[in-house]
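**Q** After the sequence you'll find the predicted model.
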Amino acid sequence: MDFDYLSKITFFIMKGTGVTLQIYVVTLVFSIPLGIICAIGKISRFKALRAVIWAYTWLFRGTPLLLQLVFFYYGLTAMTGGYIQLKPLSAAFMAFSINYGAYFTEIFRSGIQSVSKGQYEAAKALGMSPWQTMRRVVLPQAVKVVLPPMGNEAITLIKDTALCSVITVTEILRNSQVTVARDARVDSFLVAAAIYLCLTFAIMQVFRVLEKRFAYYKS
Amino acid sequence: MEEIIRVENLHKRFGKLNVLKGIDLTVSRGEIVSVIGPSGSGKSTLLRCLNHLEAADRGSISFEGEFIAQADKNGNAVYKKSKEVLAVCSRLGMVFQNFNLFPHKTALENLMEAPLTVKKADKAETERKAMELLAKVGLTDKKDSYPGQLSGGQQQRVAIARALAMEPEIMLFDEPTSALDPELIGEVLEVIKQLAAESMTMVIVTHEMGFAREISDRVIFMDDGRIVAEGAPDDIFVNPEHPRVKAFLGKVISRG
């Protein structure tokens, strides 16, 4: 083993890890609130709103994330005649936030709908407004239900960030590809794999703790 | 006696099913009214219309002289703004067949939730009152338990205390013991009897005939969406005149 070489490429790929985590955090920060809002909209009584949200989830869950990413980076520029020209990282933030927002919409919708009608009735009988009911009664219970599917998405998101290498974002995979091409050695792919494994393992642990924390009551 | 609830010509249908076919009912302060009758007779629906868990189609409902829903010239029920309806309905306490406690909150938190969020009451004062109510239903030691850790009877007692925490002027009970194991029914009925002794106004939909007879000032017998008979407990249970009441009681008593 060539430790000198390994440490050199690891250092370089680790710089990509920072970018990967940046995409990860930004995506979650935007897509989770987006998902909650759209989920509430999707079960609201406003038909037009429901239709718009349905179209949104259909479009973004029904086409490849890679295609969406390429669209936000190249497509948007071409379609607007160069008027909108996103930086690679901005295009990644947009595509990922909107794409994951669509998945979270469905996850939160099912979580909200898993709360029984009796809970709404009890809250209403106590004089709680629909908004108070949502915030104090329904959402806290929905969180417990959505944790396992959220954990899945959170792990998938780590791996999906690798798609950004296609639009020249210098994340983990991009940096290892550059190294492979330059040195004609595949070691850096193994390093990349190891880093992804560490990251997904950490996320798994986070969700294990979260699920344990929400196990304090039975639904 | 002062009238708390007045219902006139109340109609309710679910799709093609006509559940309430013109109900007239008044409840006075301090009065205990039991509603009995066969399954599907509309008892629960009537109760749920009183605090707007179901919206009536026709007729009027008023609470302390104030209309929640008023019949227009065609007889259709026109409700006030939902905020105003909600404000009135928070003065009616409701106890459900399936308790409907908030599973993510402890017994104490269940009691404190509505006073804190709806009335914006002081926290320390709300907790003090909530502890008094838990003591009243005999569950002081369960204050930190979650509903899932309690028996059905205990859950229903917490649910009664939760409704009382809003200091309602009237309590509505929708078959409060129907989901309970037989040995747990007594403890819940005891709590309701205690409320009766404090002259709480109550409307109770129940299948517990002995209990209804013992506790009620007035018993209402419903069948097929109508009030068929109404009177003092002895008039209904001892000397029922109406043949359908007779038939119903005959079945219930021979069974039980």
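**A** Great, that's in hand.
**Q** Can you find which helix in chain B contains the most residues?
**A** helix B:182-197 (DSSP state H).
**Q** For the residue nearest to the spatial centre of chain B, which three-state class applies?
**A** If you average the C-alpha coordinates of chain B and look for the closest C-alpha using Cα atoms, centre = their mean, you land on B:Leu172, 1.7 Å from that point. Following DSSP: H, G, I helix; E, B strand; the rest coil, the label given to B:Leu172 is strand.
**Q** dump the residue contacts of it.
**A** Shown here is B:Leu172, whose contacts under the criterion Cβ atoms under 8 Å, 6 or more residues apart in numbering or on different chains are B:47, B:50-51, B:92-95, B:202-203. All C-beta spots, glycine's among them, are computed from the backbone N, C-alpha and C.
**Q** 7 Å instead?
**A** B:47, B:50-51, B:92-95, B:203 (Cβ atoms under 7 Å, 6 or more residues apart in numbering or on different chains).
**Q** ok, back up a step: can you list contacts of the longest helix of chain B?
**A** Contacts made with helix B:182-197 from outside it, assessed by Cβ under 7 Å, 6+ apart, are listed as B:32, B:137, B:151-153, B:156-157, B:160, B:171, B:173, B:176-177, B:180, B:202, B:208, B:211, B:215.
**Q** ok so, going back, can you pull the pLDDT of the residue nearest to the centre of chain B?
**A** We have a pLDDT of 97 for B:Leu172.
**Q** For it, give the beta-bridge partners.
**A** Beta-bridge pairing of B:Leu172, defined through DSSP bridges, involves B:Met94, B:Val203.
**Q** Could you report the distance from it to B:Met200?
**A** Applying Cβ to Cβ, to the nearest Å, the value for B:Leu172 to B:Met200 is 11 Å.
**Q** Stretch A:120-130 vs chain B: in contact?
**A** Yes: Stretch A:120-130 comes into contact with chain B (Cβ under 7 Å from any Cβ of the partner chain), by way of A:121-122, A:124-129.
**Q** Of all the residues in that stretch, which ones are buried?
**A** Neighbour-count burial for stretch A:120-130, counted by 16 or more other Cβ atoms under 10 Å in any protein chain shown, picks out A:120-129.
**Q** Next, format the residues you listed as a markdown table and append pLDDT and secondary structure.
**A** Supplementary listing: the buried residues of stretch A:120-130 in a markdown table, determined by pLDDT from 0 to 100; DSSP: H, G, I helix; E, B strand; the rest coil:
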| residue | pLDDT | secondary structure |
| --- | --- | --- |
| A:Tyr120 | 96 | helix |
| A:Glu121 | 97 | helix |
| A:Ala122 | 97 | helix |
| A:Ala123 | 97 | helix |
| A:Lys124 | 96 | helix |
| A:Ala125 | 96 | helix |
| A:Leu126 | 96 | coil |
| A:Gly127 | 95 | coil |
| A:Met128 | 96 | coil |
| A:Ser129 | 94 | coil |
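**Q** In contact with the residue lying closest to A:Ala162 once chain neighbours are set aside, which residues are there?
**A** Taking Cβ to Cβ, 6 or more residues apart in numbering or on different chains, and ignoring the residues beside it in sequence, A:Ala162 has A:Leu173 as its nearest neighbour in space, at 4.2 Å. If a contact means Cβ under 7 Å, 6+ apart, then A:Leu173 has A:162, A:165, A:192 as its contacts.
**Q** Would you mind checking which of these is nearest to A:Lys212?
**A** Sorting the contacts of A:Leu173 by how near they are to A:Lys212, with Cβ to Cβ, puts A:Ala162 at the top with 29.7 Å.
**Q** roughly how far apart are that closest one and A:Arg50?
**A** Distance of A:Ala162 to A:Arg50, computed by Cβ to Cβ: 34 Å.
**Q** who has more neighbours, those two?
**A** More crowded of A:Ala162 and A:Arg50, by other Cβ atoms under 10 Å in any protein chain shown: A:Ala162, with 19 against 15.
**Q** give me the low-pLDDT residue ranges for the chain?
**A** All of this is about chain A. Judged against pLDDT under 70, the low-scoring parts of chain A cover residues A:1.
**Q** ah, no, chain B please
**A** Looking along chain B with the criterion set at pLDDT under 70, you get B:254-256.
**Q** now do 50
**A** Per-residue confidence for chain B (pLDDT under 50) gives these ranges: B:256.
**Q** Name the residues of it found near chain A, please.
**A** Of all the residues in chain B, those in contact range of chain A (Cβ under 7 Å from any Cβ) are B:51, B:53, B:86-87, B:89-90, B:94, B:96, B:98, B:100, B:102-104, B:113-114, B:117-118, B:146, B:148, B:166.
**Q** and with 6 Å instead?
**A** Contacts of chain B with chain A, taken as Cβ under 6 Å from any Cβ of the partner chain, map to B:51, B:53, B:86, B:90, B:94, B:98, B:100, B:102-104, B:114, B:117-118, B:146, B:148, B:166.
**Q** farthest pair in the residues you listed?
**A** Of all pairs drawn from the residues of chain B next to chain A, the one with the longest distance (Cβ to Cβ) is B:Leu86 and B:Gly148, at 28.6 Å.
**Q** B:Ala55 in helix, strand or coil?
**A** B:Ala55 ends up coil, using three-state DSSP.
**Q** now it: how far from B:Arg48?
**A** Taking Cβ to Cβ as the measure, B:Ala55 falls 10 Å from B:Arg48.
**Q** Between B:Leu86 and B:Gly148, which is the more surrounded one?
**A** Set B:Leu86 next to B:Gly148 and count neighbours by other Cβ under 10 Å: B:Leu86 wins out with 20 against 13.
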